[in-house]
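Trainee: coords please:
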Amino acid sequence: MGDPAYVCLLTLKALATRCQSLSAEITATDAALEEILDTYAPMLCDLPGVGTEVASQLLVTVGDNPDRLGNEAQFASLVGVAPIPASSGKTTRHRLSRGGDRHANHALHSVVVVRMASCQRTKDYVAKRTAEGKSKREIMRCLNRYAAREIYRQITNPQSAPDNTDLRQLRTTLDCTITAAALELGLWPSKISLLERGLIRDDDLAAIYRQWLTKQQPESRAVE
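Mentor: A predicted model of the protein is given here:
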């Protein structure tokens, strides 16, 4: 029992068991949260960057403050992304709000970070505003405000994700594999598969994918 190697292995085994237990608990909790989301905000997670945890936190914030949500601007103030004037002299600018629900603000910040890394539309916007001389902080303030507007509309007036079931049919008509399509678009085949089956929502990718498939049709017919 006093052997250091044995004690180390015993400790590692206990940690691994605990890790597996926590993973199972997290999976079960996420499943329960998804059921709640399907009931109260079934299409909130369709938005880019909005996962189960983010959507849950935002719904908790909204549910705890029903009297403060008369419009979209009030929601932005509630989650701490309403622009605050910070002009000086001839310079007109706004700064980030430090008020509102900080947990909801953190959730919204996570959405923006994910979009900046994976959403092409957001990447293009960041590049455009950077070229205009805007700082990263100012750009993120604008993105936070836009995300709040989009999320508020989805909570109060949910809009279903576009139907992308035709993408698979277009691809099979061209006798094109998912791997070949993913290679052309510079993506993982799994992402193309999820998009075709409607398991993820990415409007920008769907538009690019559909455009690429459409361009292949004349070439395919010419060969025939």
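Trainee: What is the neighbour count of Asn157?
Mentor: The number of residues packed near Asn157 is 7, by other Cβ atoms under 10 Å. Backbone N, C-alpha and C define where each C-beta goes, glycine included.
Trainee: which residues touch Pro48?
Mentor: Applying Cβ atoms under 8 Å, 6 or more residues apart in numbering to Pro48 gives the contacts Val111, Val114, Arg115, Ser118, Cys119, Thr122, Arg201, Asp202, Asp203.
Trainee: which SS state does the residue nearest in space to the middle of the chain fall under?
Mentor: Most central in the chain under Cα atoms, centre = their mean is Gly49, positioned 0.8 Å from the mean C-alpha point. When the structure is split into helix, strand and coil by DSSP: H, G, I helix; E, B strand; the rest coil, Gly49 lands in coil.
Trainee: re the thing from before, least confident of the contacts of Pro48?
Mentor: For those, the weakest pLDDT value sits at Arg201, with 70.
Trainee: Could you verify my assumption that that one touches Leu47?
Mentor: Yes. Counting by Cβ atoms under 8 Å, Arg201 touches Leu47, with 7.1 Å between them.
Trainee: Which helix or strand in this protein has the lowest average pLDDT?
Mentor: Every helix and strand of the chain was ranked by mean pLDDT, DSSP states H and E. The lowest is strand 94-95, at a mean of 67.
Trainee: Quick check: buried residues in stretch 186-204?
Mentor: Leu187, Lys191, Ile192, Leu195, Glu196, Ile200, Arg201, Asp202 (16 or more other Cβ atoms under 10 Å).
Trainee: contacting residues around the third one?
Mentor: This means Ile192. For Ile192, the residues meeting the contact criterion (Cβ under 8 Å, 6+ apart) are Ile178, Ala181, Ala182, Leu185, Tyr209.
Trainee: likewise the first one?
Mentor: When the contact criterion is Cβ under 8 Å, 6+ apart, the partners of Leu187 are Leu205.
Trainee: again with the second one
Mentor: Contacts of Lys191 were listed using Cβ under 8 Å, 6+ apart, and they are Ala182, Ile200, Leu205.
Trainee: Between the residues you listed, which sits nearest Leu69?
Mentor: Ile200 (28.2 Å; Cβ to Cβ).
Trainee: a markdown table please, covering the contacts of Ile192 and showing secondary structure and distance to Thr29.
Mentor: As requested, the contacts of Ile192 are exported to a markdown table (DSSP: H, G, I helix; E, B strand; the rest coil; distance: Cβ to Cβ, whole Å):
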| residue | secondary structure | distance to Thr29 |
| --- | --- | --- |
| Ile178 | helix | 32 |
| Ala181 | helix | 35 |
| Ala182 | helix | 32 |
| Leu185 | helix | 34 |
| Tyr209 | helix | 33 |
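Trainee: is it true that Arg153 touches Phe75?
Mentor: No. Applying Cβ under 8 Å, one finds Arg153 not in contact with Phe75, separated by 9.5 Å.
Trainee: When those two are compared, which one has more neighbours?
Mentor: Summary of the neighbour comparison: Arg153 and Phe75, criterion other Cβ under 10 Å, with Phe75 having more neighbours (26 against 14).
Trainee: Now the more buried one. Its backbone dihedrals?
Mentor: Torsion angles at Phe75 (phi, psi; degrees, to the nearest 10) stand at phi -60, psi -40.
Trainee: likewise Glu132?
Mentor: Note on Glu132: backbone dihedrals following degrees, to the nearest 10 are phi -80, psi 0.
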